[in-house]
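Undergrad: predicted model and sequence below, questions to follow.
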Amino acid sequence: MRYMTFAAIDVGSNDISMKIFEVTQKNGFRELDFVSNMIELGSDTYKNGIIKNETIDELCSILMRFKTKMQEYKVREYRAYATSAIREASNCQIILDRIKLETEIDVKVLSNSEHRFMMYKGLAAKYDNYKEIIEKNTALVDIGAGSVQISIFDKGTLSLTQNIPIGAVRV
């Protein structure tokens, strides 16, 4: 059976996590490993508008450990995404450049819309009854470290979404 390994890295406001999957055409995705490290990137951004050098050093160190783990599993492809903590930092580009230089990992910063779209796709892939759920008047609420997102679905269509910049790290 042919397979490949894939890693998904989430650089969030309160932690960085990585899942490693085995992907086969027959069986789809199977999770092999999950690692997570708390790092409050959002504390820097939401308080000072910038992520401090010491925090960037810690971020790169965590990502280097993730890179080693990916090598252990012979990961052939990965995606690394960052959200509001890096997106809203005034030194966003410096952070991304340092990550690339020190770890060789490309991190893409998602807009809020891209982030939500990926969340909806993930829910649809995970839950067989997702389409049935959003056919009714349904509110999906994502309570994150940096914000709360409320999305209203009506008859299977996203009719309203609102991001409220309040979360455990931001408060």
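TA: Nice, thanks for sending it over.

Undergrad: C-alpha only now, for contacts and for neighbours.
TA: Fine.

Undergrad: what does stretch 153-171 contact?
TA: With contact meaning C-alpha atoms under 8 Å, 6 or more residues apart in numbering, stretch 153-171 is reached by 13-14, 40, 42-43, 46-47, 131-132, 134-140, 143-152.

Undergrad: so among those, which ones count as buried?
TA: Neighbour-count burial (16 or more other C-alpha atoms under 10 Å) is assigned, among the contacts of stretch 153-171, to 13-14, 40, 42-43, 46, 134, 138-139, 144-152.

Undergrad: all helices for the chain, in order.
TA: 41-48, 53-72, 84-87, 92-103, 112-126, 130-135 (DSSP state H).

Undergrad: which of the ones you listed sits most buried?
TA: Greatest average neighbour count among the helices of the chain goes to helix 84-87 (a mean of 24), per mean count of other C-alpha atoms under 10 Å.

Undergrad: tell me the mean pLDDT for that helix?
TA: The predicted model gives helix 84-87 an average pLDDT of 93.

Undergrad: by contact count, what packs against it?
TA: When contacts are defined as 3 or more C-alpha pairs under 8 Å, 6 or more residues apart in numbering; DSSP states H and E, helix 84-87 sits against helix 41-48.

Undergrad: okay, angle between the helix it packs on and helix 53-72 too, please.
TA: Orientation check (axes from the mean of the first three to the mean of the last three C-alpha atoms, to 10 degrees): helix 41-48 against helix 53-72 gives 160 degrees.

Undergrad: what about helix 41-48, distance to the chain center?
TA: Helix 41-48 sits 17 Å away from the centroid of its parent chain (C-alpha atoms, centre = their mean, to the nearest Å).

Undergrad: who touches that helix?
TA: By C-alpha under 8 Å, 6+ apart, helix 41-48 touches 12-15, 50-52, 55, 84-86, 88-89, 145-146, 169-170.

Undergrad: same check, this time on stretch 8-19
TA: 7, 20, 31-43, 62, 66, 78-86, 145-146, 169.

Undergrad: return the set of buried residues in it.
TA: Under 16+ other C-alpha under 10 Å, the buried positions of stretch 8-19 are Ile9, Asp10, Val11, Gly12, Ser13, Asn14, Asp15, Ile16, Ser17, Met18, Lys19.

Undergrad: in strands only, show me those residues.
TA: Ile9, Asp10, Val11, Asp15, Ile16, Ser17, Met18, Lys19 (DSSP state E).

Undergrad: per-residue pLDDT, the second one?
TA: Model confidence at Asp10, given as pLDDT, is 96.

Undergrad: what bridges to it?
TA: Ser17, Tyr81 (DSSP bridges).
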